[in-house]
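Asks: turn this into a structure:
(chains A and B)
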Amino acid sequence: MDPDRALVEAAAAGSREAFDELVRRHQVAIVSLARVLTSGRGDAEDLAQEVFVRAWKSLRSFRADSAFRTWLHRVAINVIRTNQSRQGRLMRMFTSAADAPEAPSHEEPVDTALARRQIIERALASLPEDMRVAVTLRDMQGLDYRDIAALLDVPIGTVESRIFRARQRLKPLLAPLFRAEK
Amino acid sequence: MTEQDRDQDLVAAALASAPPPEVSPGFLARVNARIDAERDNGWFAILDFKVWTLRLAPAAAAVALIAVLWPANSRSTTSSSTSTASTSSFTPASATDWQNDVNANALLEAALAGTTNAR
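Replies: Okay, the predicted model is just below:
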């Protein structure tokens, strides 16, 4: 049972209060997803807002064959990818050069939430996009493999493979976190 | 459980424990403002002459095409109806009207009698 179902139905019927509640419930997840998928470019909140605007406009076309949360993630990925392609290859090259993830410093303090988040975002930014999206949806957003496969329109085996390889690549990059936990 | 599995779990746990990002307090208000702005833009679009120019372009083209094709048919129709009308309204008396050398009495007589030989 989708916990958002009643709110979605009310919002689809035009209730802005119901939609506000949906935004409150999912804003952190969508901003977090936008931050990771844009490699912390700084316009994550703008994109997340765009996701909710798009969701509001398309809410009537939402069919309850998936959870609202999964559908919202699909909207988010579409919005972010459209935005990235709009910015063009040159901009992406510039961004990747300027914002290339720095190797996590082993001297970096990891006892603060901000530092932990920075290490994780930098590590994720070093991954190819297909792996980054899959592992983010699984480990940070908590979607199951089946939903991720449907959302990305790829076989479930491909999702599993991407997540497996992503975690392998991430392990050395997240080492400062493991040391701090010991 | 193999070491590889343990590594996988370790990374998954580290990612899951990522502190959530701070969302600015005005996030919801900005979403609502953008939704309202898009709706308002929708109304402005109705009044936008550029939009209407584009929308009406096919109709304008059709009207222009009709205007080009129409005179060829309508001219012949109009001219034939005019000639028909003039023929039907042509009476001997009125023919008399156009004769330069008709005198007043003959004209009056022709008008009253409705004949052509009013000279």
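
Asks: what does stretch A:27-47 contact?
Replies: Applying C-beta atoms under 8 Å, 6 or more residues apart in numbering or on different chains, the external contacts of stretch A:27-47 come out as A:48, A:51-52, A:69, A:72-73, A:76-77, A:79-80, A:83-84, A:95-96, A:99, A:101, A:121-122, A:124-125, A:129, A:132-133, A:136-137, A:140-141, B:18, B:20-21, B:23-24, B:27-28. Bear in mind the C-beta positions are built from the backbone N, C-alpha and C, glycine included.

Asks: buried residues in it?
Replies: A:27, A:29-41, A:43-45, A:47 (16 or more other C-beta atoms under 10 Å in any protein chain shown).

Asks: for A:Glu17, give me its contacts.
Replies: A:Glu17 makes contact with A:Ala10 under the criterion C-beta under 8 Å, 6+ apart.

Asks: now do the helix or strand hosting it: distance to the chain's middle.
Replies: Assigned by DSSP states H and E, A:Glu17 falls within helix A:16-37. Relative to its chain's centre, helix A:16-37 lies at 11 Å (C-alpha atoms, centre = their mean, to the nearest Å).

Asks: now the helix or strand just after that helix and helix A:16-37, what's the angle there?
Replies: Helices and strands here follow DSSP H and E; after helix A:16-37, the next one along the chain is helix A:44-58. When axes from the mean of the first three to the mean of the last three C-alpha atoms, to 10 degrees is applied, the directions of helix A:44-58 and helix A:16-37 differ by 140 degrees.

Asks: now helix A:44-58: mean pLDDT?
Replies: Taken as a whole, helix A:44-58 has an average pLDDT of 93.

Asks: ok, stretch A:131-138 next?
Replies: Averaging pLDDT along stretch A:131-138 yields 95.

Asks: stretch B:65-77 too?
Replies: The model assigns stretch B:65-77 a mean pLDDT of 71.

Asks: up against chain A, what does chain B have?
Replies: B:7-8, B:10-12, B:14-21, B:23-24, B:27-28, B:30-32, B:34-35, B:38 (C-beta under 8 Å from any C-beta of the partner chain).

Asks: are any of those buried, and which?
Replies: Those of those that meet the buried threshold are B:8, B:10-12, B:14-15, B:18, B:21, B:23, B:27-28, B:30-32, B:34-35, by 16+ other C-beta under 10 Å.

Asks: inside helices: which ones of those residues?
Replies: Among these, the members found in helices (DSSP state H) are B:8, B:10-12, B:14-15, B:27-28, B:30-32, B:34-35.

Asks: least trustworthy helix or strand in chain B by mean pLDDT?
Replies: Within chain B, no helix or strand scores below helix B:92-97, which has a mean of 57 by mean pLDDT, DSSP states H and E.

Asks: show me what the helix or strand following it is packed against.
Replies: Using DSSP H and E, the next helix or strand after helix B:92-97 towards the C-terminus is helix B:104-113. Helices and strands touching helix B:104-113, by 3 or more C-beta pairs under 8 Å, 6 or more residues apart in numbering or on different chains; DSSP states H and E, are helix B:92-97.

Asks: thinking again about what came up before, show me which of the contacts of stretch A:27-47 are buried.
Replies: Buried by 16+ other C-beta under 10 Å: A:48, A:51-52, A:69, A:72-73, A:76-77, A:79-80, A:83-84, A:101, A:121-122, A:124-125, A:132-133, A:136-137, A:140-141, B:18, B:21, B:23, B:27-28, out of these.

Asks: ok, which stretches of chain A are helices?
Replies: Using DSSP H, the helices of chain A run over A:5-12, A:16-37, A:44-58, A:68-98, A:113-125, A:129-135, A:145-152, A:156-173, A:175-181.
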